[in-house]
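Asks: let's see this in three dimensions:
(one chain, ligands or ions: 2)
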Amino acid sequence: MMMKVRRYMRDSGRVLAFVFVASVIWLLFDMAALRISFNDASSLLLKERMMKERRVSRLQATTTQPMKRRFRHPVQRVHPAVTHPGRGSLSPGIVLAQVYRRGGGRQEQLMKGKSVDNQPKEGVFKTVAPRHEGGAVTPKHGAPAEKKAVNLDLTEAKKSSVVDVPNKVGLPAEGSDKIQVPPGGEKTKQLAPLLPSKKEAGAIVEKPDSKKAQDKLAKPEEARPAETTPKPVSKEKKQKEQVNGKKDVAPTKQPHKPVVEHQAGEGSKVTRKPGGVHKVLSLDVTLSPRDAKAVGQFGQAVLVGSNEDSEVRRRWDEGHFNVYLSDQIPVDRAIPDTRPEMCAGSLVHDDLPSTSVIFCFVDEVWSTLLRSVHSVLNRSPEHLLKEIILVDDFSTRDYLKEPLDKYMSQFPKVRIIRLKERQGLIRARLAGAAVAEGEVLTFLDSHVECNVGWLEPLLERVYQDRRKVPCPVIEVISDKDMSYLLVDNFQRGIFKWPLVFGWSAIPEEYIKKNNMTISDPIRCPVMAGGLFSIDKKYFYELGAYDPGLDVWGGENMEISFKIWMCGGEIEIIPCSRVGHIFRGQNPYKFPKDRQKTVERNLARVVEVWLDGYKDLFYGHGYHHLLDKKITNIGNLTEQIELRKKLKCKSFKWYLDNVYPDMVAPLVKAEGMVFNLGLRKCLTLQKSSLSFEICDLSKQGQHFNYTWMRHIRQQDLCIAPQGKGKDSSFALASCDNTKRELRWFHQSTNSVLAEHLISEFVSHHMCLEAGPQGDSVYLNPCVPTNAFQKWQFTHYHHIQ
Ligand code: UDP
Ligand code: MN
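Replies: Ligands and ions are numbered 1, 2, ... in the order given. This is a model prediction of the structure:
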């Protein structure tokens with residue numbers, strides 16, 4: 001035993017000795033390397049440069065982010081059911097329909113992600129019995145009135161009589177399911193069910209990615225300042241109660257209890273009085289779908305087998321989503337009612353304004369375009385839907401020409417306008433708005449599905465205050481399996497530097513403090529851009545969109561800043577929900593370089609709306625946009641005039657009142673500039689630099705290190721001068737476009753972090769204080785030289 005131990009000790013001793021020797025050798029090598037590197041400032045600079053390059057590429061990665069403007073919300077899968085192409089639903093569709101439509105506790109459970117059994121309960125079948133049998137197609141405009149009649153007293157003159165307005169607009173034409181493949185396109189084959197890929201199976205629930213965003217939210221009490229609400233608080237409060245469904249309170253316009261008749265079940269029979277209110281109409285022609293077993297019915301995920309992968313891939317680029325699958329799903333499929341439970345009971349006014357729904361598209365996939373239009377026709381009250389305007393932004397695909405005209409001719413409310421050249425999303429929307437006849441404009445992307453009850457809650461907000469710009473909750477239609485996914489509640493649209501759009505969850509404590517319910521409108525600093533309603537006159541009062549914005553991108557920032565800063569409000573309305581296919585890429589071509597187009601658009605927005613904060617934008621990787629020789633952002637006179645004319649508030653006001661949790665320091669660092677070697681502070685006196693004992697009260701010692709990387713006091717910036725050994729510095733008047741005024745400082749964690757490195761003098765030079773404290777000059781950078789190390793009193797760290 002002892003022998004064993006001794007041998008073991010001997011063995012381990014040998015090992016230890018080996019480790020020791022190896023470490024010593026390693027250390028020697030390391031020290032040598034360190035000495036080499038310390039002696040060789042240029043190798044360090046090389047390292048520094050590499051670090052910088054990495055940083056730049058990181059920045060470039062950030063700057064591509066605005067491309068994915070409307071990135072997906074955190075989602076939950078509404079129901080785990082899936083269908084297989086050709087075989088229909090794996091679970092009986094009708095049962096799913098009950099689950100979805102019933103709402104109530106069951107839906108709440110679904111929303112909380114709890115499992116729910118699919119078994120129909122006796123009562124469930126009774127309360128939401130299908131309004132017409134089976135999957136039979138009701139002929140166009142031939143809806144039996146008693147099945148989905150909305151009886152509205154439409155005008156004051158007809159106050160006593162009840163007008164029967166059958167909701168017939170949305171019924172698909174007979175056999176319209178056959179037209180879902182573009183005419184001339186391939187008819188869907190019957191497909192064998194196959195297993196999902198692992199990725200698909202794992203995609204059932206996605207965890208919200210909003211932790212960081214949450215952390216950044218500021219004090220809740222600041223987020224809802226009363227002064228930002230342009231209308232009397234009492235009215236606002238009443239509205240809140242109505243939308244919450246907390247109280248059956250008649251709005252201010254209607255002092256008495258309104259005359260509202262509700263039919264049992266889903267069919268809403270409403271006697272309408274001006275100023276009166278009624279429960280939101282839960283109109284949905286697809287409530288009992290034509291073919292409950294159809295692929296993707298009820299928004300279920302569809303599994304495409306591996307033998308169809310090549311087809312899926314082949315057609316993917318047509319829309320950058322699963323076009324192959326979309327073409328098999330009915331254009332009028334049912335989707336789950338994902339509204340919070342209380343929404344169905346909320347009250348809206350009888351005399352809401354009508355709306356023109358505007359879809360702009362360029363080379364949109366046939367089936368998704370049709371599904372978008374049908375979802376509006378099928379789930380909007382007829383009297384509120386003035387028209388649907390399809391703006392064809394010079395598409396190249398043949399099926400979007402005559403075949404589309406032909407298909408849409410069966411719906412009198414649908415108008416198609418065609419642009420003679422490619423205008424881009426922004427000018428296409430302007431073209432749609434120009435011909436719109438509704439009182440409210442509702443813009444939608446051309447690959448959406450509007451959910452039940454989506455429209456009235458939006459119009460209600462505009463009715464309450466025409467300066468309110470309501471957006472539906474944008475839910476997710478999976479680009480892969482086309483399932484309809486419920487998104488997390490309490491999400492709002494925000495931006496981060498450099499104007500990157502994102503979603504952020506409202507913190508728990510804010511929700512509690514404000515007694516917010518899941519159906520309360522959410523103040524939204526930035527809208528995602530694709531889907532919103534706006535009073536038409538107000539849209540024009542605001543100067544609509546800047547028509548100088550090209551193709552796509554930045555327009556959501558423009559309209560958001562404009563609305564908030566010029567007296568309006570953007571809200572997300574949880575009772576209004578619209579699914580949207582989020583694509584990884586834009587499926588259409590950009591006439592010019594895509595990145596440059598978005599950057600240019602953003603620069604236009606920044607120049608008009610961001611005041612001094614534009615440095616934050618440029619300083620986050622967009623310096624190059626300042627060079628007018630590289631980027632021509634066009635003329636902004638009209639936009640600047642407009643801002644003046646509307647007497648819009650400052651961007652600071654916007655940050656303080658609308659988005660107080662945004663960290664937006666105007667400079668990167670500020671205060672005194674302390675030299676570590678000299679232990680004194682840089683002082684600017686009578687246009688020359690010197691050193692003094694640090695004293696906060698001395699204005700001459702206050703400098704800013706700006707987002708443009710300038711060392712600045714008032715209008716004077718420290719500038720390197722000369723080349724090589726003769727390099728010196730000078731004081732120059734500041735100019736953001738001048739690259740030579742920029743100094744790197746604290747930009748990496750490297751040994752040169754505390755140095756002030758001018759990168760525009762050959763071989764990188766560092767600012768150095770003379771040892772006597774009577775001079776300051778440029779010298780080759782030496783990491784250990786304390787006279788080259790500088791510290792500002794205060795550094796602002798964001799992100
Ligand atoms: N669109 C357009 N012209 C363009 C670019 C886009 O009409 O030059 C349409 C597009 O077809 C879609 C809407 O504008 O209906 C929004 O574009 P997209 O869906 O690509 O934006 P995302 O949702 O990715 O932000
Ligand atoms: Mn879109």
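
Asks: get me the contact residues on the stretch 451-600 of the chain for ligand 1.
Replies: When proximity is defined by Cβ under 6 Å from any ligand atom, the stretch 451-600 of the chain lies next to ligand 1 at 530, 551-552, 583, 586, 588. C-beta here means a position set from N, CA and C on the backbone, and glycine is covered the same way.

Asks: cool, and the stretch 201-350 of the chain?
Replies: Within the stretch 201-350 of the chain, no position is adjacent to ligand 1 by Cβ under 6 Å from any ligand atom.

Asks: quick one: the helices in the stretch 201-350 of the chain?
Replies: For the stretch 201-350 of the chain, helices defined by DSSP state H, counting those that start in this stretch occupy the ranges 211-215, 220-223, 233-244, 309-316, 323-326.

Asks: any weak-confidence spans in the chain?
Replies: Along the chain, the model assigns pLDDT under 70 to residues 1-272, 723-725, 761-762, 799.

Asks: circling back to that earlier point, any chance of the residues of the stretch 451-600 of the chain next to ligand 1 in TSV, with neighbour count and secondary structure too?
Replies: Supplementary listing: those in TSV, determined by neighbours: other Cβ atoms under 10 Å; DSSP: H, G, I helix; E, B strand; the rest coil:
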residue	neighbour count	secondary structure
G530	22	coil
V551	26	strand
W552	20	coil
R583	15	coil
N586	16	coil
Y588	21	coil
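
Asks: quick check: the farthest pair among those residues?
Replies: By the measure Cβ to Cβ, V551 and R583 form the most distant pair in these, at 15.4 Å.

Asks: ramachandran angles for K468?
Replies: Comment: the main-chain dihedrals of K468 come out as phi -90, psi 140, following degrees, to the nearest 10.

Asks: the nearest residue to it once chain neighbours are set aside: neighbour count?
Replies: The spatial neighbour of K468 that comes closest, neighbours along the chain excluded (Cβ to Cβ, 6 or more residues apart in numbering), is R461 at 4.6 Å. Number of residues near R461 (other Cβ atoms under 10 Å) recorded here: 25.

Asks: now do the strands in the stretch 451-600 of the chain.
Replies: Counting by DSSP state E, counting those that start in this stretch, one finds strands in the stretch 451-600 of the chain at the ranges 468-477, 484-487, 491-496, 500-505, 522-523, 532-535, 569-581.

Asks: I should have written the stretch 651-799 of the chain there, sorry.
Replies: Counting by DSSP E, counting those that start in this stretch, the stretch 651-799 of the chain has strands at residues 667-675, 680-685, 688-692, 703-706, 711-713, 716-721, 728-733, 743-744, 757-758, 765-769, 776-780, 790-795.

Asks: which parts of the third one are buried?
Replies: Translated: strand 688-692. Taking 16 or more other Cβ atoms under 10 Å as the neighbour-count basis, strand 688-692 is seen to contain the buried residues 689-691.

Asks: partner strands of that strand and their direction?
Replies: Strand 688-692 has the following sheet partners, assigned by DSSP bridges: strand 680-685 (antiparallel).

Asks: list of residues touching the partner strand?
Replies: If you take Cβ atoms under 8 Å, 6 or more residues apart in numbering as the criterion, strand 680-685 is touched by 672-675, 689-695, 698, 700-701, 703, 713, 716, 731, 769, 773, 776, 790.

Asks: buried sites along it?
Replies: Neighbour-count burial for strand 680-685 [16+ other Cβ under 10 Å]: 680-684.

Asks: repeat for stretch 390-408
Replies: When neighbours are counted by 16+ other Cβ under 10 Å, the buried residues of stretch 390-408 are found to be 390-395, 397, 399-400, 403-404, 407-408.

Asks: for that stretch, measure first residue to last.
Replies: 10 Å (Cα to Cα, to the nearest Å).

Asks: distance between the ends of stretch 316-335?
Replies: Across stretch 316-335, the straight-line distance between its terminal residues is 23 Å, by Cα to Cα.

Asks: what of stretch 773-785?
Replies: Taking Cα to Cα, stretch 773-785 runs 15 Å from one end to the other.

Asks: same deal with stretch 753-766?
Replies: With Cα to Cα as the measure, the first residue of stretch 753-766 is 11 Å from its last.

Asks: now do that stretch: everything it contacts.
Replies: Applying Cβ under 8 Å, 6+ apart, the set of residues contacting stretch 753-766 from outside is 42, 45, 48-49, 676, 711, 720, 722-724, 727, 739-740, 742-747, 752, 767, 778-783, 785, 788-791.

Asks: restricted to buried residues, select these in PyMOL.
Replies: Applied in PyMOL, the following selects the buried portion of the contacts of stretch 753-766 according to 16+ other Cβ under 10 Å:
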select buried, resi 45+48+711+720+727+742+743+744+745+746+747+752+767+778+780+781+782+783+785+788+789+790+791
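
Asks: look up how far ligand 1 lies from R314.
Replies: Counting by Cβ to the nearest ligand atom, to the nearest Å, the gap between R314 and ligand 1 amounts to 21 Å.

Asks: likewise for R339?
Replies: If you measure R339 against ligand 1 using Cβ to the nearest ligand atom, the figure is 22 Å.

Asks: which residue sits closest to that residue, ignoring its sequence neighbours?
Replies: C575 (5.5 Å).
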